[in-house]
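Colleague: how would this look folded up:
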Amino acid sequence: MSQTLSSPLKRISSLDALRGFALLGIIVMHMIQHFGFRLLPTDLEIFHFPQLDSATQWVGSNIVMGRFINIFAFLFGMSLFIQIDKAAKKGIDFRRKFVWRMILLMAFGLLCHSFYSVEIISVYAFFGLILLCVYRFRTGLLLLIAIVLLFGVPRIIQVHVHNHQVASSVEQAQIVGTETPGEAIPEHLANPSFIHSAKHNYTDRLEGKLNYQFGFIGRGYVTFSLFIFGLLVGRSRILEKAQQERGKFIHFFLAFTAATVLLSFLQSFVPEQNTRLFFRADGIQLSWWLVLAQTLNDLSLVTYSGALINGFLALYYSRSVGQYLEVLAPYGRTALTNYIMQGAIGSLLFAPWAFGYFFGVWGAFSLVMLGLLVYVVQGVFSYYWLKHFLYGPLEWLWRTGTYLSVQPFLRSQGAR
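Modeller: Numbering: from 1, shown residues only. A predicted model of the protein is given here:
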């Protein structure tokens, strides 16, 4: 009988809990951002509490935004290592299956993109394929690649080329400062419908997503560096003896916290910059202060995320707190299902073709409370679902598609 990976594998519960923690931050930020949906301006306000709304916006911008999604990316890279490593221990080359698995994920993500454009699983699938290509690289080389990406070297090259082109084109330089004609109301807002919204998502918003990932902002390069860091941490096997290594998590937490404070100090010396210029840079010379500000921001977000990860793991492996954090594990174990459901619910709440003109005028605090309610309901559902099933609904579907055969689903059909 040939060996197979299609049977359920033992999971690292701390990573599931950490994944659930990351998704908590993601839904909080997405609720504040209305899941990326834009509505026509209105003076209507519902459930606004000025002081609480202001505090919520501050927390979102300074504690949540960019930090929790970094954790999600880091865990994706670690998951790739775990899958391939477990297969190797059974004498199985999982790489071909992983390629097919990422293709399925990308297709699924692009399908979800028709509902809400802020989905990131299609982007993760693309980077997953690239990570597989460098999987066997030596640790030193992978670390060098991650550092080059994290320090914004692709952005530096792009800005240099851009500024050279602007400087050599008198016509482009003369465009700066001219008024742009008023834009007509987009069809998806003038005549709200799912079809018009999906068309907008697959054209303008998809182009904007690619620009955000690979343009001057370069979010994708940071994401891929986090994939690499996740792979390297998996390769170190620190989580295989995490209970005994809890002291290291505390030390890493302190180191990442100190790095974040230092970066914040350095940021205070940089003149205030409008990074939105990166999205409308045609004919504009981009300042190197702007580049430095974006690089320091990227580094600060990553070190902040590193502090969150290590602080969470230090608490998880402590006797007094770990049992309470374990409640997040079912949510993280069904992460794909819960992430997609977050987006589906967000679409219904904020899309102009659904209930956007009602929920879209709520204050930030009320929206976060609603998001937390959604998260709790999903968490309870995940807990009871896993009492009876081996995987979340979409996890099982993805797994079945990966192996091109119906996988065990009920707990009576397979071991934990």
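
Colleague: Tell me which residue is most central in this structure.
Modeller: I69 (3.5 Å; CA atoms, centre = their mean).

Colleague: Check whether it really touches V28, as I assumed.
Modeller: No: with contact defined as CB atoms under 8 Å, I69 does not count as touching V28 (11.2 Å). All C-beta atoms are positioned from the backbone trio N, CA, C, and that covers glycine.

Colleague: outside of stretch 131-140, which residues touch it?
Modeller: 77, 80-81, 84, 95, 98-99, 102, 142, 145, 224, 227-228, 231-232, 235 (CB atoms under 8 Å, 6 or more residues apart in numbering).

Colleague: Tell me which of these fall in helices.
Modeller: Counting by DSSP state H, the part of the contacts of stretch 131-140 found in helices is 77, 80-81, 84, 95, 98-99, 102, 142, 145, 224, 227-228, 231-232, 235.

Colleague: Any of the residues you listed buried? List them.
Modeller: 77, 80-81, 84, 95, 98, 102, 142, 224, 227-228, 231-232 (16 or more other CB atoms under 10 Å).

Colleague: For the residue nearest to the centre of the chain, give its distance to W100.
Modeller: Separation of I69 from W100 (CB to CB, to the nearest Å): 26 Å.

Colleague: in the protein, which helix has the most residues?
Modeller: The chain, longest helix under DSSP H: helix 288-316.

Colleague: Show me what that one is packed up against.
Modeller: helix 13-32, helix 68-89, helix 139-150, helix 153-167, helix 219-236, helix 246-267, helix 322-325 (3 or more CB pairs under 8 Å, 6 or more residues apart in numbering; DSSP states H and E).

Colleague: Off-centre distance for that helix?
Modeller: Helix 288-316 has its C-alpha centroid displaced from the chain centroid by 14 Å (CA atoms, centre = their mean, to the nearest Å).

Colleague: for stretch 396-413, same thing?
Modeller: On CA atoms, centre = their mean, the centre of stretch 396-413 falls 26 Å from that of its chain.

Colleague: when you give positions from now on, start the count at 32
Modeller: Let's use 32 as the start, then, which means that last one is stretch 427-444.

Colleague: Just the buried positions in it, please.
Modeller: Buried residues in stretch 427-444 (16+ other CB under 10 Å): W427, L428, W429, R430, T431, G432, T433, Q438, P439, F440.

Colleague: Between all of the ones in helices among the contacts of stretch 162-171, which two are separated the most?
Modeller: Comparing every pair within the ones in helices among the contacts of stretch 162-171 by CB to CB identifies V130 and L263 as the most remote, at 21.3 Å.

Colleague: so what's the residue nearest to the centre of the chain up against?
Modeller: Here I100 is in contact with A53, G56, I57, M60, I151 (CB under 8 Å, 6+ apart).

Colleague: Out of those, grab the one that's most surrounded.
Modeller: In terms of neighbour count, A53 stands highest of the contacts of I100 at 27 neighbours, by other CB atoms under 10 Å.

Colleague: Was I right to think that one contacts R98?
Modeller: No: A53 is beyond contact range of R98, at 9.1 Å (criterion: CB under 8 Å).

Colleague: picking up where we left off before, show me which parts of the longest helix of the chain are buried, residue by residue.
Modeller: Those would be 321-347, for helix 319-347 by 16+ other CB under 10 Å.

Colleague: Report the angle between that helix and helix 44-63.
Modeller: 130 degrees (axes from the mean of the first three to the mean of the last three CA atoms, to 10 degrees).

Colleague: could you give me the average pLDDT of helix 319-347?
Modeller: In this model, helix 319-347 has a mean pLDDT of 96.

Colleague: Now do it against helix 184-198, angle only.
Modeller: Angle, helix 319-347 to helix 184-198, by the same axes, to 10 degrees: 160 degrees.

Colleague: So which bits of the host helix or strand of L237 are buried?
Modeller: In this structure, L237 sits in helix 237-245 according to DSSP states H and E. With burial defined by 16+ other CB under 10 Å, the residues of helix 237-245 counted as buried are K240, Y243, Q244.

Colleague: Contacts for that helix next, please.
Modeller: H144, S148, V154, I248, R250, G251, Y252, T254, F310.

Colleague: Let me know the closest of the buried residues of stretch 427-444 to Y388.
Modeller: Proximity of these to Y388 was ranked by CB to CB; the top entry is L428 with 33.3 Å.

Colleague: Next up, the contacts around the residue nearest to L75 when sequence neighbours are not counted.
Modeller: Closest residue to L75 apart from its sequence neighbours, by CB to CB, 6 or more residues apart in numbering: V392 at 4.7 Å. Residues in contact with V392 (CB under 8 Å, 6+ apart) are T73, L75, E76, I77.

Colleague: isn't the first one right next to P383, touching?
Modeller: Yep, that's T73 we're talking about. No: look at T73 against P383 with CB under 8 Å: they stay out of range, at 11.4 Å.
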